[in-house]
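1. model this:
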Amino acid sequence: MLRKTKAIVLRTIKYGEQKIIVDLFTEAEGRVSVVARLPKSVKGKFRKPLFQPLSLLDVEYDQRMNASIYNLREAVMWMPYTLLRVDPVKNALALFLAEFLYHATKSEQQNVALFHYMAQSMEWLDAAQGHLANFHLVMMMRLTRFVGFFPNTEDYRPGCFFDLQNGCYSVELPPHHDVIPPDEAAYIGTLMRLNYETMHLFRMTRAERNRCVDVIIDYYRLHVPGFPLLNSTQVMRELFA
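-> Numbering: from 1, shown residues only. From the prediction side, this is the model:
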């Protein structure tokens, strides 16, 4: 059966001499892997730049029963980026977020709201001007609304701990080690209240921002089975002053 859908490229790996496997997050089915043949000549159907991380595509693939990887029949750019590939800061953010989203959505089936959030976030980043230092923090935190472990920040009071295992504030120290101390716990609620239009109002030092990245990744590692340490985290540590 042929399936047509919009898709976001998460990862591409080489498969043999002329093929690649492309991991997609699709509007119709959530996570899907497809195999595409890359041409040796200029007359081929697919070009490798089409499958750069976080490209927004219209795709058609042959969905065979019991297959884990489908054959890609068609792929065209759905929403071409203007600045994302040429702006070094935006491109670095995209590479980090592609690796993050690949692992954060690994078990997701159809989730149209999540797909639209991801696509609209990338469109916003492509068009944005000015302060982007908090973009990845806001995107990762707000993504929890769509993947089932949105933290409860309503009970925050000064002096509270943040319990990463249970995703909530606690007046008393929880009986485990996955805890954010009171002097850092307020950041969780602040990040959840921010959006892309207001995030520039929240100023942090590089050390504070890097600590937020570590905390958010730890939170995902607790709630997403198999979530690893990310290879591109070091790039984020050095990107923003």
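2. Give me the phi and psi angles of residue 100.
-> phi -60, psi -50 (degrees, to the nearest 10).
3. What of residue 8?
-> Dihedral angles (degrees, to the nearest 10) for residue 8: phi -120, psi 130.
4. so it makes contact with residue 121?
-> No - using C-beta atoms under 8 Å, residue 8 is not in contact with residue 121; the gap is 10.0 Å. Every residue, glycine included, has its C-beta placed from N, CA and C.
5. what about the two, which has more around it?
-> Regarding residue 8 and residue 121, a neighbour count based on other C-beta atoms under 10 Å identifies residue 8 as having more, with 23 against 20.
6. Below-threshold pLDDT in this protein: ranges please.
-> 41-44, 241 (pLDDT under 70).
7. Strands along that one, start to end?
-> 2-15, 19-26, 30-37, 56-62, 70-77, 161-163, 168-170, 179-180 (DSSP state E).
8. TSV for those, including distance to residue 95?
-> Shown next, in TSV, are the strands of the chain (distance: least, C-beta to C-beta, whole Å):
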stretch	distance to residue 95
strand 2-15	11
strand 19-26	15
strand 30-37	19
strand 56-62	16
strand 70-77	18
strand 161-163	29
strand 168-170	32
strand 179-180	27
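9. how about those, which one is nearest residue 129?
-> Among the strands of the chain, strand 56-62 comes nearest to residue 129, with 20.1 Å by C-beta to C-beta.
10. got the angle for that closest one vs strand 19-26?
-> Inter-element angle recorded for strand 56-62 and strand 19-26: 110 degrees (by axes from the mean of the first three to the mean of the last three C-alpha atoms, to 10 degrees).
11. Partner strands of strand 56-62, with direction?
-> strand 2-15 (antiparallel), strand 70-77 (antiparallel) (DSSP bridges).
12. Noted, bye for now.
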